[in-house]
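S.K.: fold the following, please.
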Amino acid sequence: MTGRTVVVEASKASSSPSSSGSFAPLRQPVFAVLWAATVLGNIGSFMRDVASAWLITDLSASPTAVALIQTAATLPVFLLAIPAGVLSDILDRRRFLIGVQVLLGAVSATLLTLSWLGLQSVGSLIALTFVGGIGAALMGPTWQSIVPELVPRSDLRNAVALNSLGVNIARAIGPAAGGLILASFGAALTYGVDVLSYVFVIAALLWWRRPAPSESALSEDFLGAFRAGLRYTRASPELHTVLLRAAVFFLFASAVWALLPLVARQMLGGTAGFYGLMLGAVGAGAILGAVLMPRLRQRLDVDGLLLLASLLAAAVMAALVAAPPRWAAVVLMLLLGLGWIIALTTLNGVAQAILPNWVRGRGLAVYLTVFNGAMAAGSLGWGLIAQQIGVPATLAAGATGLTVVALIFHRLKLPAGEADLQPANHWPEPLLAEPVADDRGPVMIQIEYRVRREDREAFLLALKRLAIERRRDGAYAWGITEHTAEPERLMEWFLVESWAEHLRQHQRVSQADADLQGEALKFHIGPERPAVHHFLAL
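M.R.: Next up, the predicted model:
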């Protein structure tokens with residue numbers, strides 16, 4: 001729920017473990033300072049979220065209004081995550097981060113002022129939460145992109161663990177502290193602490209002297225990068241599976257998050273402090289989950305982990321229906337945090353493992369879009385249902401639905417994510433009679449094979465697998481044709497929008513893609529490698 005979370009691409013890490021220990025990244029001064037700043041920043045954000053979620057229950061008893069706070073926080077990420085992923089690749093990330101932090105600080109300062117003057121309303125609270133969600137949407141992909149700049153490749157896996165630890169420290173401290181300050185001093189001071197946390201984050205970013213990025217003749221503009229990211233997403237069956245499994249889980253699991261303020265207040269008769277304690281217990285459960293994850297991974301594959309997370313979340317919702325004693329509700333929140341961190345780390349880890357470096361930010365932005373879209377739609381939907389049938393019945397429906405879909409979709413296996421996605425750089429440079437302008441296009445690439453008739457079926461099967469790679473890396477159309485006079489001559493062709501995009505395609509082909517090409521080339525019977533031709537539109 002916060003835009004200041006540092007996330008590291010786990011699959012970028014070196015295959016060899018770091019020999020310097022789990023806390024080795026903290027020996028890098030810039031990483032240590034920014035990591036500490038983000039922990040403080042996330043604590044402030046969780047405090048702000050508690051204040052807003054509780055304040056809306058003071059302003060309105062409507063379950064729909066309460067659920068709209070969750071929707072307002074997550075909907076911008078659904079709408080803007082992909083453009084934000086593109087911006088993170090083409091702008092100066094340090095300056096961009098500072099600008100967004102200033103925006104988020106202004107939002108919290110406005111919340112402080114309205115609360116102090118007693119002018120806060122349902123409309124203003126939802127509107128400012130929505131603007132804060134815009135900041136979070138812009139922030140997420142950029143934080144993901146900077147961390148690999150801060151630590152050696154051998155320490156990236158340790159940085160992942162530290163990041164998870166930091167987020168859950170903030171999740172454990174922030175809600176509980178926010179609830180206590182809210183109950184003791186009111187919403188204005190709670191928002192004021194959040195404003196102060198932005199000062200620390202901005203100061204850390206100003207202190208960081210990020211080297212100027214190197215200029216590239218093949219650097220992408222916004223629209224081109226946007227199209228490339230969507231093209232990859234559309235052509236990746238593995239990513240489709242991850243997105244579908246994530247959408248189903250978060251759509252049903254969002255019920256407990258959307259209704260939790262009402263559970264604490266109406267069903268359990270708790271105060272703001274108790275609500276903060278419940279959220280703090282979720283964070284503590286997430287820390288426990290992060291500690292247990294290595295052992296769980298030894299016993300369960302990714303599908304088993306996601307099923308476990310779904311059943312834990314469903315069990316918590318079902319238990320809350322009975323309005324248990326408050327101490328039991330806190331224990332249930334520990335279990336919810338455990339299940340939630342298992343689901344988040346499993347789905348995010350698989351998404352990162354199947355995305356190559358060149359499109360990872362945009363691919364994760366699509367994942368964030370699905371995640372937050374499902375959370376926003378689910379929160380609004382469960383709030384409307386609760387308006388009609390009540391909170392307990394809605395929780396029971398959410399628990400039942402999550403259990404059913406978890407068992408059904410368990411049959412749709414998540415990808416293993418074990419392919420070597422490092423660039424192969426094995427395509428030779430195209431032959432040119434004269435230089436070609438980068439923006440000239442479209443470009444048709446033709447590859448001529450000679451394949452025996454008896455091998456044609458197996459060859460076409462291999463080539464269709466290769467076609468997925470062509471489309472992921474930049475082709476917007478692909479086909480295969482045969483020569484009318486010589487049936488053994490087969491021509492693969494694909495279209496790329498510009499010459500520059502085709503040169504980028506040369507750089508994007510991974511080792512796994514090269515293996516696919518090798519499978520197809522086994523059927524070529526010519527004395528030399530297949531002839532490759534490039535044609536430019538006139």
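S.K.: domain assignment for this structure?
M.R.: 18-209+221-409, 443-536 (automatic domain parsing).
S.K.: and these, which is most packed in?
M.R.: domain 18-209+221-409 (a mean of 21; mean count of other Cβ atoms under 10 Å). C-beta coordinates here come from the backbone N, C-alpha and C atoms, glycine included.
S.K.: just to revisit the earlier point, nearest to Ala437, of the domains of the chain?
M.R.: domain 443-536 (6.8 Å; Cβ to Cβ).
S.K.: can you give me how far the lowest-mean-pLDDT helix or strand in the chain is from the chain middle?
M.R.: For the chain, the helix or strand with the lowest mean confidence is helix 156-185, at a mean of 74 (criterion: mean pLDDT, DSSP states H and E). Using Cα atoms, centre = their mean, to the nearest Å, the mean C-alpha position of helix 156-185 is found 19 Å from that of the whole chain.
S.K.: mind giving me the packing neighbours of it?
M.R.: Using 3 or more Cβ pairs under 8 Å, 6 or more residues apart in numbering; DSSP states H and E, the elements in contact with helix 156-185 are helix 29-59, helix 187-207, helix 272-299, helix 326-353.
S.K.: so which of these comes closest to Leu521?
M.R.: Per Cβ to Cβ, nearest to Leu521 of these: helix 326-353, 26.8 Å.
S.K.: what angle separates that closest one from helix 272-299?
M.R.: Angle, helix 326-353 to helix 272-299, by axes from the mean of the first three to the mean of the last three Cα atoms, to 10 degrees: 50 degrees.
S.K.: angle of helix 326-353 against helix 156-185?
M.R.: Interaxial angle, helix 326-353 versus helix 156-185 (the same axes, to 10 degrees): 150 degrees.
S.K.: what packs against the helix or strand immediately after helix 326-353 in the chain?
M.R.: With elements assigned by DSSP states H and E, the helix or strand that comes after helix 326-353 is helix 360-389. Packing partners of helix 360-389 (3+ Cβ pairs under 8 Å, 6+ apart): helix 63-90, helix 122-146, helix 222-234, helix 237-262, helix 326-353, helix 391-409.
S.K.: how far away is the nearest residue to Ser60 once chain neighbours are set aside from Pro487?
M.R.: Closest residue in space to Ser60, ignoring its immediate chain neighbours: Val122 at 5.3 Å, by Cβ to Cβ, 6 or more residues apart in numbering. The gap separating Val122 from Pro487 is 71 Å, by Cβ to Cβ, to the nearest Å.
S.K.: same check, this time on Val39
M.R.: From Val39 to Pro487 the distance is 66 Å (Cβ to Cβ).
S.K.: how about low-confidence regions in the stretch 101-250 of the chain?
M.R.: 144-145, 147-148, 153-162, 164-165, 212-218 (pLDDT under 70).
S.K.: next one: the chain
M.R.: 1-22, 89, 144-145, 147-148, 153-162, 164-165, 212-218.
S.K.: how about the residue of it positioned farthest from its centre, phi and psi?
M.R.: Note on the chain: the largest C-alpha distance from the chain mean falls to Ala485, namely 51.4 Å (Cα atoms, centre = their mean). For Ala485, the backbone dihedrals are phi -90, psi -20 (criterion: degrees, to the nearest 10).
S.K.: element containing Arg411?
M.R.: Using DSSP H and E, no helix or strand contains Arg411.
S.K.: what's the distance between it and Val451?
M.R.: Relative to Val451, Arg411 is positioned 36 Å away (Cβ to Cβ).
S.K.: same question, Arg227
M.R.: Arg227 is 33 Å from Val451, by Cβ to Cβ.
S.K.: can you check Arg209 too?
M.R.: 57 Å.
S.K.: quick check: Asp439 is in a helix.
M.R.: No: counting by DSSP: H, G, I helix; E, B strand; the rest coil, Asp439 falls outside a helix, being coil.
S.K.: correct me, but it touches Glu501?
M.R.: No: using Cβ atoms under 8 Å, Asp439 is not in contact with Glu501, being 9.5 Å away.
S.K.: and of the helices and strands packed on helix 360-389, who's closest to Ala475?
M.R.: helix 222-234 (8.1 Å).
S.K.: what angle sits between the closest one and helix 360-389?
M.R.: 70 degrees.
S.K.: now what about helix 222-234, what contacts it?
M.R.: Around helix 222-234, the neighbours that count as contacts under Cβ atoms under 8 Å, 6 or more residues apart in numbering are 82-83, 85-87, 89-90, 220, 239, 359, 362-363, 365-366, 471-474, 476, 497-498, 501, 504.
S.K.: now render the helices and strands packed on helix 156-185 as JSON lines, adding distance to Ser379.
M.R.: What follows is those, written out as JSON lines (distance: least, Cβ to Cβ, whole Å):
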{"stretch": "helix 29-59", "distance to Ser379": "11"}
{"stretch": "helix 187-207", "distance to Ser379": "21"}
{"stretch": "helix 272-299", "distance to Ser379": "16"}
{"stretch": "helix 326-353", "distance to Ser379": "15"}
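S.K.: closest one to Ala264 among these?
M.R.: Among these, helix 272-299 sits nearest to Ala264 (Cβ to Cβ), with 4.2 Å.
S.K.: make TSV out of the domains of the chain and add distance to His426.
M.R.: Shown next, in TSV, are the domains of the chain (distance: least, Cβ to Cβ, whole Å):
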stretch	distance to His426
domain 18-209+221-409	15
domain 443-536	5
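S.K.: re earlier: distance of the residue farthest from the centre of the chain from Val39?
M.R.: In terms of Cβ to Cβ, Ala485 sits 70 Å off from Val39.
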